[in-house]
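Chemist: Can you look at this prediction? I've put the sequence above it.
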Amino acid sequence: MKVLIVDDSKMNIKIAEDCLMEYRVVEEIKSCLSGEEALEIMQNEKIDLVLLDIVMPGLTGVDVLKIMKHEKWLDRTEVIMLTTVDDLLVLKECFEFGATDYIQKPFNKIEFAARVKSVLKEVESERKLIRALELLEKQNVELIRVNKMLKEAQSYLIEKEKMTAIGELLEGLVHEIEMPLVKLEKELNRSLSRINDLDEHISPMTVMNIKNNLIEGFDDTSDEILKIKKLIATLGNFSRNSKKDAQSSAKLSEMIEEVLLMINSEIKLIHSVEKQYNDHSRIQCNKGEIKQALMNVLINAIQAVKDVNESKIVIRTIETEDAVICHIKDNGIGIPDEYIENVFDPFFTTKPKNENMGLGLSIAYDIVVGKHKGQIEFDSDCNRGTQFSLVFNKN
């Protein structure tokens with residue numbers, strides 16, 4: 001801390017200096033005999049506290065105070081007026097121009113030292129607060145920057161997780177489409193062979209048998225073609241409905257059926273899948289997003305029972321006065337108590353990291369709760385399974 005003593009009396013300056021040194025109030029002291037010299041010093045040096053005499057030839061203490069206020073030096077420097085003046089109007093003027101305190105001359109050394117020390121402590125405390133605020137502001141700016149980076153990284157990973165899930169679904173759908181295509185190819189080859197066996201001497205009975213076989217084969221072929229069309233239509237709907245802000249009305253049970261068709265290759269691994277649909281109202285939603293949420297919860301249920309002998313998933317829809325609800329229950333091992341609070345946290349997973357990024361339920365939560373203002377809850381019992389409930393408001 002640096003103190004500047006401004007007084008036209010060398011004796012007063014000496015008394016003030018000795019007092020400050022004796023009581024170890026401050027280590028660095030400067031002094032001058034005029035207001036003009038004081039302004040020059042303050043212009044060139046950083047002064048923490050000015051002890052300023054009011055009555056001086058030339059520029060008075062009040063004049064110096066006015067200039068300091070005009071130059072905004074009072075933002076960085078405190079001022080204590082030293083005076084023999086008893087005029088309260090003059091003192092009032094000093095405070096109006098920014099003085100912190102005043103000390104009457106001749107002053108008591110103990111009082112003088114204590115009041116100067118008190119002001120210097122306030123200066124130090126204020127500067128510590130300013131430094132802390134500046135540091136906090138820098139940390140806040142850095143936190144905002146890091147948070148932005150984390151959000152960008154999270155968005156990237158979420159999109160990556162979605163693409164991975166879609167890739168796995170496509171792999172399953174390719175298999176689902178390949179099977180009816182193989183059947184179609186076999187049936188067409190069989191029909192072609194039968195046609196090639198025909199000749200002009202064939203009996204009417206044989207012709208009738210071949211005709212019936214061909215009709216039966218074409219019926220099977222038609223069924224397989226319809227199955228392929230349905231799979232392709234479902235995939236197309238999923239893609240179209242995934243567009244941002246694509247709002248439409250839909251029945252929850254219908255969307256569940258589309259999702260089940262898309263993850264059919266995974267569903268086949270389950271010993272028993274039970275469906276109980278009791279919803280009639282349509283909900284206003286982004287169908288692609290809702291199907292993404294349903295798919296994530298269903299895949300989570302499938303993974304929960306993959307090592308269970310009599311694996312079972314029960315899908316139920318019910319309707320209340322205000323909402324349509326989907327319950328998805330599995331008979332897996334349940335969720336341990338220590339993980340209950342983390343189920344919907346991004347990147348939380350109990351599975352190996354190379355198998356799962358822990359975003360499925362987090363994405364489902366964001367879709368149902370964040371984007372559709374619904375609810376997603378769960379109830380879990382160890383070794384008895386888990387039930388997730390997705391609640392969608394009708395209005």
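Modeler: Arrived safely. Numbers count the residues shown, from 1 in each chain.
Chemist: Stretch 51-60: which residues count as buried?
Modeler: Residues 51-54, 56, 59-60 are the ones in stretch 51-60 that count as buried (16 or more other C-beta atoms under 10 Å). (Each C-beta comes from the backbone N, C-alpha and C, glycine too.)
Chemist: Buried residues, the one helix or strand residue 255 maps to. List them.
Modeler: Using DSSP states H and E, the element containing residue 255 is helix 252-262. By 16+ other C-beta under 10 Å, the buried positions in helix 252-262 come out as 252-253, 255-256, 258-262.
Chemist: Now pLDDT and distance to residue 74 too, for these, in CSV please.
Modeler: Shown next, in CSV, are those (pLDDT from 0 to 100; distance: C-beta to C-beta, whole Å):
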residue, pLDDT, distance to residue 74
252, 95, 69
253, 94, 74
255, 92, 69
256, 94, 72
258, 86, 72
259, 88, 70
260, 89, 75
261, 83, 77
262, 80, 72
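Chemist: ok, those residues vs residue 311, which is closest?
Modeler: Among the buried residues of helix 252-262, residue 260 lies closest to residue 311 (C-beta to C-beta), at 15.3 Å.
Chemist: Looking at the record's assignment, how would you partition the protein?
Modeler: Recorded structural domains for the chain (assignment: automatic domain parsing) are 2-107, 242-393.
Chemist: that older thread, from the contact counts, what lies against the helix holding residue 255?
Modeler: Judged by 3 or more C-beta pairs under 8 Å, 6 or more residues apart in numbering; DSSP states H and E, the packing partners of helix 252-262 are helix 109-197, helix 204-241, strand 272-277, helix 287-304, strand 312-319, strand 323-330.
Chemist: switch the cut-off to 10 Å
Modeler: Counting contacts by 3 or more C-beta pairs under 10 Å, 6 or more residues apart in numbering; DSSP states H and E, helix 252-262 is packed against helix 109-197, helix 204-241, helix 264-267, strand 272-277, strand 282-286, helix 287-304, strand 312-319, strand 323-330.
Chemist: and the domains of the chain, which one's lowest on average pLDDT?
Modeler: When the domains of the chain are compared by mean pLDDT, domain 242-393 comes last with a mean of 86.
Chemist: burial measure for residue 327, as a count.
Modeler: By other C-beta atoms under 10 Å, the residues close to residue 327 number 17.
Chemist: List the contacts of the residue lying closest to it once chain neighbours are set aside.
Modeler: Nearest residue to residue 327 in three dimensions, chain neighbours excluded: residue 316, at 4.4 Å (C-beta to C-beta, 6 or more residues apart in numbering). By C-beta atoms under 10 Å, 6 or more residues apart in numbering, the contact set of residue 316 is 253, 256, 274-279, 325-329, 387, 389.
Chemist: Present the domains of the chain as JSON lines; the columns should include distance to residue 138.
Modeler: Formatted as JSON lines, the domains of the chain follow (distance: least, C-beta to C-beta, whole Å):
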{"stretch": "domain 2-107", "distance to residue 138": "20"}
{"stretch": "domain 242-393", "distance to residue 138": "27"}
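Chemist: can you tell me which of those comes nearest to residue 147?
Modeler: Using C-beta to C-beta, the nearest of the domains of the chain to residue 147 is domain 242-393, at 13.4 Å.
Chemist: about what we covered before: in terms of mean pLDDT, which of the helices and strands packed on helix 252-262 ranks lowest?
Modeler: helix 204-241 (a mean of 64).
Chemist: how near is the nearest residue to residue 91 once chain neighbours are set aside to residue 84?
Modeler: Leaving aside its sequence neighbours, residue 91 sits nearest to residue 102 (C-beta to C-beta, 6+ apart; 5.9 Å). Per C-beta to C-beta, to the nearest Å, residue 102 is found 11 Å from residue 84.
Chemist: Spit out the residues that contact these two alike.
Modeler: residue 54.
Chemist: more neighbours, these two?
Modeler: Higher neighbour count among residue 102 and residue 84: residue 102, with 20 against 11, using other C-beta under 10 Å.
Chemist: Narrow the contacts of residue 316 to just the buried residues.
Modeler: For those, buried by 16+ other C-beta under 10 Å: 253, 256, 277, 279, 325-329, 387, 389.
Chemist: Which one of the buried residues of stretch 51-60 is nearest to residue 93?
Modeler: Using C-beta to C-beta, residue 54 is the member of those that lies nearest residue 93, at 9.7 Å.
Chemist: isn't that closest one right up against residue 86?
Modeler: No: contact criterion C-beta atoms under 10 Å: residue 54 and residue 86 do not qualify, at 11.1 Å.
Chemist: Name the nearest residue to residue 382, sequence neighbours excluded.
Modeler: residue 334 (4.3 Å).
Chemist: looking at this, the one you found is in a helix?
Modeler: No: read with DSSP: H, G, I helix; E, B strand; the rest coil, residue 334 is coil and lies in no helix.
Chemist: count of residues packed around the closest residue to residue 117 other than its chain neighbours?
Modeler: Excluding its sequence neighbours, the residue lying closest to residue 117 (C-beta to C-beta, 6+ apart) is residue 25, at 4.9 Å. Using other C-beta under 10 Å, residue 25 has 21 other residues around it.
Chemist: and what of residue 18?
Modeler: 11.
Chemist: List the residues that contact it.
Modeler: residue 109.
Chemist: Give the helix, strand or coil label for it.
Modeler: Criterion first, three-state DSSP; result for residue 18: helix.
Chemist: Could you tell me how far it is located from residue 335?
Modeler: 77 Å.
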